[in-house]
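S.K.: Show me how the following folds:
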Amino acid sequence: MYYVNENIRDLYRVKFHDERSGVLRLDMNENPEGLPGEIFDSVIAKVTPEYIAAYPEKDRLMTLLAEHNGITCDHISVTAGSDEAMRLIFHCFGQPGKKLLTVTPTFEMYGVYAGMFGMKHEMIGYKKDFSVDSTEILRAIDGDTGIVILLNPNSPIGYTYEEKDVRGIIERAQSFGAIVVIDEAYHYFYKPTFMPLIKEYDNLLVLRTFSKLFSIAGLRIGYVSGNPELIGYIEKAESTFNVNNIAILFAKEVIPNQELMDRLVKVEREGRIWIAEKLKNAGYQTLVMEGNFVLFLPNVDSRLVVEELKKKHVWVRDYGRGILKGWIRVSTGSIACMERFWEAFVQTESEMLN
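M.R.: Below is the predicted model of the structure:
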């Protein structure tokens, strides 16, 4: 019998194989419309046979990212989405038998990686008012803790952390030799950042992605920032050429484009405000914190709402357990996208109630 890593053998995974082209994608916090057409066309025009025949070069992008964040290149590693950065962090620093500490609910892949690398996943629950008690996180950090994960804003709820609380968590983790990861996937929708703290703490890593605001989730590109020693370990664990040329090309074009960032932020915020007001004015219990999404409680079974909306080519997400059981999350985009969702939802719930 051949050998199989028992952590992989026993791991439960959910794979996404649904055909999502041609639908209004409001289920995974992507930009449902993508980059403006003129931006896309200008970048694609630079793709030549010679360009994609060559192995990727990341140095220019790293320089742009360093300038963008006020740090130096040795603080950055560019990865195949922030998801690869997560995996590399567990590969480098995820000691088997140690604790991974997160809140719950949070991004599911952290629990997957904990299982994959033999860590124990300890979760701190949200309070009834959808806040997090940072003192509970502090109390949970001890000699068994290997990695602490904070999402700021947290997905799927959108909660954000105060700097004094984050500093306390980093310093307590540091006293036990634990790594702290702050996932800033939804940065730009919420501007405050903990990136500057990587210059102060040698146990802090900050993740960013191009999948949300920058609207290139399909190209799989992101980056991790931190102390040069930690980044050095991560780069040792990377594949030789881990990010493709087209992803790098798009990233180099969008990261210095402040006008584009402002435009994308404005369009999403307008749509978020529009749909939040529609839901609240119609009497739905609604949760709107930070990030490109809103949550609400429908009047009928959320699972059936999701299924019926799919028939109308509108995809959203619901939750089957925990504090969000019965809630629906809608990724937010332009007002036009939100109008399309609202019309489909109102029609769907009316059909189900009558």
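S.K.: Downstream of the worst-scoring helix or strand of the chain on mean pLDDT, the next helix or strand is which one?
M.R.: Sorted by mean pLDDT, DSSP states H and E, the helices and strands of the chain end with helix 6-9, the least confident at a mean of 90. Using DSSP states H and E, the helix or strand that directly follows helix 6-9 along the chain is strand 24-25.
S.K.: mind listing what's buried in the next helix or strand after that following strand?
M.R.: Sequence-wise, the next helix or strand downstream of strand 24-25 (DSSP H and E) is helix 37-44. Across helix 37-44, burial judged by 16 or more other CB atoms under 10 Å covers 39, 43. For the C-beta atoms, the positions are set from N, CA and C on the backbone; glycine is no exception.
S.K.: Helix 37-44 - contacts with which helices or strands?
M.R.: helix 245-254 (3 or more CB pairs under 8 Å, 6 or more residues apart in numbering; DSSP states H and E).
S.K.: Can you name the residues in contact with the helix it packs on?
M.R.: Identification of contacts with helix 245-254 by CB atoms under 8 Å, 6 or more residues apart in numbering yields 35, 39, 42-43, 46-47, 51-52, 54, 56-58, 60-61, 64, 78, 80, 210, 214, 216, 219-221, 260-261.
S.K.: Inside helices: which ones of those residues?
M.R.: Among the contacts of helix 245-254, the members found in helices (DSSP state H) are 39, 42-43, 51-52, 60-61, 64, 260-261.
S.K.: Secondary structure of R208: a strand, I assume?
M.R.: Yes: under DSSP: H, G, I helix; E, B strand; the rest coil, R208 sits within a strand.
S.K.: Begin at 31, not 1, for the rest of this chat.
M.R.: Sure, I'll start numbering at 31, so the last one becomes R238.
S.K.: tell me the pLDDT at it?
M.R.: Note on R238: pLDDT of 98.
S.K.: Now for E259, how many residues are close by?
M.R.: By other CB atoms under 10 Å, the residues close to E259 number 9.
S.K.: Let me see the contact set for it.
M.R.: Contacts of E259 by CB under 8 Å, 6+ apart are D232.
S.K.: Surely it forms part of a strand?
M.R.: No: using three-state DSSP, the secondary structure at E259 is helix, not a strand.
S.K.: Could you measure from it over to Y231?
M.R.: With the distance defined as CB to CB, to the nearest Å, E259 ends up 12 Å from Y231.
S.K.: my read is I305 is in a helix, agree?
M.R.: Yes: counting by three-state DSSP, I305 is part of a helix.
S.K.: For it, which non-adjacent residue is spatially closest?
M.R.: Nearest residue to I305, sequence neighbours excluded (CB to CB, 6 or more residues apart in numbering): M368, at 4.1 Å.
S.K.: Quick one: residues contacting the one you found.
M.R.: Listed by CB under 8 Å, 6+ apart, the contact set of M368 reads 301-302, 304-305, 308, 362.
S.K.: top of these by neighbour count?
M.R.: T362 (29 neighbours).
S.K.: Could you report the pLDDT at that residue?
M.R.: 98.
S.K.: One more: the one 5 residues further on?
M.R.: We note a pLDDT of 98 for C367 in this prediction.
S.K.: Brilliant, that's me finished.
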